[in-house]
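>>> Make a model of this:
(4 chains)
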There are 2 protein chains.
Amino acid sequence: MPKIVDPEERRRAVVDAVFRVVRRDGVEAASLRNIATEAELAIGSVRHYFTSHEELMVFAMKEMVERVSARVLAHAEALRRPAPVRDRAERAEALLREFLPADSERFDEAVVWLEFTSAARTRPSLQPQAKRLYEGMRMIVGKVLAEANRGGRLHEGLDLDAETERLCALLDGLTVTAVLQPWSFTPQAALDVLHAHLSSLSVDGLED
Amino acid sequence: MPKIVDPEERRRAVVDAVFRVVRRDGVEAASLRNIATEAELAIGSVRHYFTSHEELMVFAMKEMVERVSARVLAHAEALRRPAPVRDRAERAEALLREFLPADSERFDEAVVWLEFTSAARTRPSLQPQAKRLYEGMRMIVGKVLAEANRGGRLHEGLDLDAETERLCALLDGLTVTAVLQPWSFTPQAALDVLHAHLSSLSVDGLED
DNA sequence: AATAAAGTAGCACGCACATGCTATAAACTT
DNA sequence: AAGTTTATAGCATGTGCGTGCTACTTTATT
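Presented below is the predicted three-dimensional model:
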């Protein structure tokens, strides 16, 4: 048998290199050569773990979706546990903040998200992941609003489906703007807009 | 002198070919070869009008920005003329609709917009246009809200700057979602969300 | 010590790309 | 008719790409 190497760990190291290249130069620059260089491996070594370029891209996007989902679901679990009414709104907002590029790690992830998601438009092999992520976001945002509504924290007569679409579009728009116009729209501005939006839905406004 | 050809028209024909390629296969597929084929020209002919690939891309993006701006500014002019209060809200919404992919022509344009704007993140030569378009949108959206506010059509106590950012992000988010998730989010849904959002800002709601 | 397995490295091929440069065709001016 | 200018076309070069394939190293088993 060969050198003692954990293949899982190697694959993750390669995928991290993919993320760095995509973050820096875009998905079109994510060639095997550039990725191998970034990972400080020979191109042949990368190909030992991923038989084709397409397979690597799909795997990387899956990993990205996985990481986002894991973070969001952790918040979702916390939200499901009973809590004083006062904290529930804050927890809901904390969950929604996960969709925004609030810190540099999340910002990098948002860039990678946008790159992969828009690449999926013309790359059929990436579309399942793009759909999965978007549907998941809609579902979780819908649940957050439904929970808030059950708790009587939202204005009466709101159309929850419509509000879900509005909030999802707002989150995507804030992320896209922060990623593509960083010189005039900061992550903090995105957080502020989210807070204002939630206040506008809430019966009491939100304590800040 | 040569064959009787209007160079302006030729350049526009080439740019239209760029748009079709970008719409169909993304900006990364917009090579001189693909563009020449799409325009039914020889690659050398295209190069007669554009000395480099980069110059062509910049020109094409400028043209896209130009077209969007022209459409929006036409509405802005109409909005500046006096009109009954009743019509002013409708006119404002009609202007804002120009930012959404409401019909197939605008949808195609939105795809091209997203492709170029996100390509600009890693292509310095495209960034000036990306900034210009985004700043222009912010300005015009800000003016629309300010005008509505002066007319007393908005709720009191609104932070207009914050509302401008929220509306801009919403418009971008709706467009991005319609472009990237067309199977689950239709242009009509985007129009509905916009209408609902404006209603939520308006003191009377909006008629119908 | 011999062998098998897994990791690492990289050559070679065919293709697509942007671009420098040259050659031909066409049409207006003189 | 001759010459000038512009349009069209395409060849040649160097670079980067994914991938098929082969060789070499390293380690664990026998």
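
>>> ok, the residue positioned nearest the centre of chain A to A:N34 distance?
When chain A is reduced to its mean C-alpha position, the closest residue under CA atoms, centre = their mean turns out to be A:V68, at 4.5 Å. Taking CB to CB, to the nearest Å as the measure, A:V68 and A:N34 are separated by 24 Å. (Glycine included, C-beta is placed from N, CA and C.)

>>> domains for chain A, by residue range?
For chain A, the structural domains run A:1-51, A:57-201, going by automatic domain parsing.

>>> circling back to that earlier point, can you classify the residue nearest to the centre of chain A by secondary structure?
Assigned state for A:V68: helix (three-state reduction, DSSP: H, G, I helix; E, B strand; the rest coil).

>>> Model confidence score at it, please.
At A:V68 the predicted local confidence, pLDDT, stands at 97.

>>> Is it in contact with A:W113, as I believe?
Yes: with contact defined as CB atoms under 8 Å, A:V68 counts as touching A:W113 (7.0 Å).

>>> overlap in contacts of these two?
Counting by CB atoms under 8 Å, 6 or more residues apart in numbering or on different chains, the contacts common to A:V68 and A:W113 are A:L133.

>>> any weak-confidence spans in chain A?
Within chain A, the set of residues satisfying pLDDT under 70 comprises A:1-5, A:205-208.

>>> the helices in chain A, which residues?
Assignment of helices within chain A using DSSP state H yields the ranges A:7-25, A:32-39, A:43-49, A:53-80, A:85-97, A:104-119, A:127-150, A:160-180, A:187-201.

>>> Pull the residues that contact the shortest one.
The contact list for helix A:43-49 (CB under 8 Å, 6+ apart) reads A:P7, A:R10, A:R11, A:V14, A:L32, A:R33, A:I35, A:A36, A:A39, A:L56.

>>> Of those, keep whichever come out buried.
Buried residues within the contacts of helix A:43-49, counting neighbours by 16 or more other CB atoms under 10 Å in any protein chain shown: A:R10, A:R11, A:V14, A:I35, A:A36, A:A39, A:L56.

>>> Cross-check the contact I'm expecting between A:D161 and A:G142.
Yes: contact criterion CB under 8 Å: A:D161 and A:G142 qualify, at 7.5 Å.

>>> what about these two, which has more around it?
Ranked by neighbour count (other CB atoms under 10 Å in any protein chain shown), A:D161 and A:G142 place A:G142 first, with 17 against 12.

>>> Need the nearest residue in space to the more buried one, chain neighbours excluded.
A:T164 (4.4 Å; CB to CB, 6 or more residues apart in numbering or on different chains).

>>> thought that neighbour was touching A:N149?
No: distance between A:T164 and A:N149: 10.8 Å, which falls outside the contact criterion (CB under 8 Å).

>>> between those two, who's got more neighbours?
Neighbours per residue, other CB under 10 Å: of A:T164 and A:N149, the larger number sits with A:T164, 20 against 16.

>>> circling back to that earlier point, if I look at the residue nearest to the centre of chain A, how far off is chain B?
Distance of A:V68 to chain B, computed by CB to the nearest CB, to the nearest Å: 16 Å.

>>> check contacts around that residue.
Each residue near A:V68 by CB under 8 Å, 6+ apart is listed here: A:E98, A:E109, A:W113, A:L133.

>>> one step back: for the buried ones among the contacts of helix A:43-49, work out which two are farthest apart.
Using CB to CB, the pair of the buried ones among the contacts of helix A:43-49 lying farthest apart is A:R11 and A:A36, separated by 13.6 Å.

>>> thinking again about what came up before, highest average neighbour count across the domains of chain A?
domain A:57-201 (a mean of 18; mean count of other CB atoms under 10 Å in any protein chain shown).

>>> how long is that one end to end?
As for domain A:57-201, its first-to-last residue distance stands at 39 Å under the measure CA to CA, to the nearest Å.

>>> quick check, it touching DNA strand D?
No: for domain A:57-201 and DNA strand D, the contact criterion (CB under 7 Å from any atom of the strand) is not met; the two come no nearer than 8.8 Å.

>>> Which residue does chain A have closest to chain B?
Proximity to chain B, evaluated over chain A using CB to the nearest CB, is greatest for A:G173 at 2.6 Å.

>>> Leaving out the residues flanking it, which one is nearest to that residue?
Nearest-residue entry for A:G173: B:G173, 2.6 Å, with adjacent residues in sequence omitted and distances by CB to CB, 6+ apart.

>>> cool, A:R138 as well?
Using CB to CB, 6+ apart and skipping residues adjacent in sequence, the residue nearest A:R138 is A:C168, 5.6 Å away.

>>> show me the contacts for that neighbour.
Contacts here follow CB under 8 Å, 6+ apart; on that basis A:C168 touches A:M137, A:R138, A:V141, B:G173, B:T177.

>>> Format those residues as JSON lines; extra columns: distance to DNA strand C.
As requested, these are arranged in JSON lines below (distance: CB to the nearest atom of the strand, whole Å):
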{"residue": "A:M137", "distance to DNA strand C": "34"}
{"residue": "A:R138", "distance to DNA strand C": "36"}
{"residue": "A:V141", "distance to DNA strand C": "39"}
{"residue": "B:G173", "distance to DNA strand C": "31"}
{"residue": "B:T177", "distance to DNA strand C": "29"}
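
>>> okay, those residues in a markdown table with distance to B:H197 next?
Shown next, in a markdown table, are the contacts of A:C168 (distance: CB to CB, whole Å):
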| residue | distance to B:H197 |
| --- | --- |
| A:M137 | 19 |
| A:R138 | 18 |
| A:V141 | 16 |
| B:G173 | 11 |
| B:T177 | 14 |
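
>>> Which of these sits closest to A:D192?
Looking across the contacts of A:C168 and measuring by CB to CB, the closest to A:D192 is B:G173, at 16.0 Å.

>>> right, and that closest one touches A:D172 too?
Yes: counting by CB under 8 Å, A:D172 is a contact partner of B:G173 at 4.1 Å.

>>> Which residue is it, in chain A, that comes closest to DNA strand C?
For chain A and DNA strand C, the shortest gap (CB to the nearest atom of the strand) falls at A:G44, measuring 2.3 Å.

>>> quick one: contacts for the closest residue to A:A39 other than its chain neighbours?
Counting by CB to CB, 6+ apart, A:A39 lies nearest to A:A17, which is 3.6 Å off, once chain neighbours are set aside. Counting by CB under 8 Å, 6+ apart, A:A17 touches A:I35, A:A36, A:E38, A:A39.
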